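> give me the fold of what follows.
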Amino acid sequence: MVVVVAIEGVHGVGKTTLINMLRERGRTVIDEEFMDTSMNKYSPTKIARQIVWLANWIQRVVVAAENRQMKNILYPAQSTNTLYIDRSMLSALIYNTVETDKNTLEYIIQKSIGELKEMGIHIYTILLTDDKQEAWTRIQKRLEDEPERVKYDEHKEEHYKRIWGEYYREKRNLWNACMKPPMDMSEEETIQCLDNLVQRITNY
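Here you go, the predicted structure:
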């Protein structure tokens, strides 16, 4: 069995910061490739490009899981069965702007999670939280260094408020980390908090 822990949350909440901490500590990390597909001329908020992104996400997870399983066989003394990935499949659902597409995306995601589980790949999601206004301020500062992110509408406050609502409304089946964002904690505190959460939600 391979456990895949997906780090989720609204853009600017600290996912990349946490992923980088994990990488520096030698954890196996699958980097973000959010909407970086060969379909760049298609809208990143509509279903065609999102389905391609979902397929790429699944393929990257499966390849990483198979590599991990092989490494565990070859080097049992260094074995671990936990992988970390920047964003979950739910990103495609939450960033979609066409309401009539959401049921289709949700069905594809849930079926995929079930099939991956049958293959021995168990997906768990941890949702990072933050103060709503502080996260928005951080996003604006990041745009100064990465202006290309405007193509994802990250400069639009209404877009940000919509995504915030999608992530943090109660009906979403996401695990709430109930912690400060990683950039506001020490590295030791952040990793310890994450490890405790992973142990709790995976029951091992």
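
> tell me the average confidence for stretch 47-61?
For stretch 47-61, mean pLDDT rounds to 91.

> other residues contacting that stretch?
Applying CB atoms under 8 Å, 6 or more residues apart in numbering, the external contacts of stretch 47-61 come out as 4, 30, 33-35, 37-39, 42-44, 83, 85, 87, 89, 92, 95-96, 98, 101, 104-105, 108-109, 112, 116, 121, 123. The way it works is simple: take the backbone N, C-alpha and C, and place the C-beta from them, glycine included.

> now which of these would you call buried?
Buried by 16 or more other CB atoms under 10 Å: 4, 30, 34-35, 37, 44, 83, 85, 87, 89, 92, 95-96, 101, 105, 108-109, 112, 116, 121, 123, out of the contacts of stretch 47-61.

> select from these every entry located in strands.
The strands, defined by DSSP state E, take in 4, 30, 83, 85, 121, 123 from the buried ones among the contacts of stretch 47-61.

> so the last one touches residue 114, yeah?
No - under the criterion of CB atoms under 8 Å, residue 123 lies out of contact with residue 114, with a separation of 9.7 Å.

> quick one: the helices in the protein, in order.
Using DSSP state H, the helices of the chain run over 15-24, 47-74, 90-95, 99-118, 132-145, 157-168, 187-202.

> out of these, deepest packed?
Highest mean neighbour count of these: helix 90-95, a mean of 22 (counted as mean count of other CB atoms under 10 Å).

> so where is the protein shaky, pLDDT-wise?
Applying pLDDT under 70 to the chain picks out residues 32-38, 70-80, 170-179, 204.

> tell me which residue is most central in it.
Centroid-nearest residue in the chain, with CA atoms, centre = their mean: residue 87, separated by 1.3 Å.

> how far away is that one from residue 60?
Per CB to CB, to the nearest Å, residue 87 is found 11 Å from residue 60.

> again with residue 45
21 Å.

> ok so, going back, any chance of the helices of the chain in a markdown table with distance to residue 9 as columns?
Shown next, in a markdown table, are the helices of the chain (distance: least, CB to CB, whole Å):
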| stretch | distance to residue 9 |
| --- | --- |
| helix 15-24 | 6 |
| helix 47-74 | 16 |
| helix 90-95 | 10 |
| helix 99-118 | 17 |
| helix 132-145 | 9 |
| helix 157-168 | 6 |
| helix 187-202 | 13 |
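
> just to revisit the earlier point, so the residue nearest to the centre of the chain makes contact with residue 10?
No - assessed by CB under 8 Å, residue 87 is found out of contact with residue 10, at 11.2 Å.

> so what sits against both of those two?
The contact sets of residue 87 and residue 10 do not overlap (CB under 8 Å, 6+ apart).

> quick one: contacts for the residue nearest to residue 62 when sequence neighbours are not counted?
The shortest distance from residue 62 to any non-neighbouring residue, by CB to CB, 6 or more residues apart in numbering, is to residue 121 (6.9 Å). Residues in contact with residue 121, defined by CB under 8 Å, 6+ apart, are 1-2, 4, 61-62, 65.

> ok, now residue 96?
Going by CB under 8 Å, 6+ apart, residue 96 touches 45-47, 50, 102, 105.
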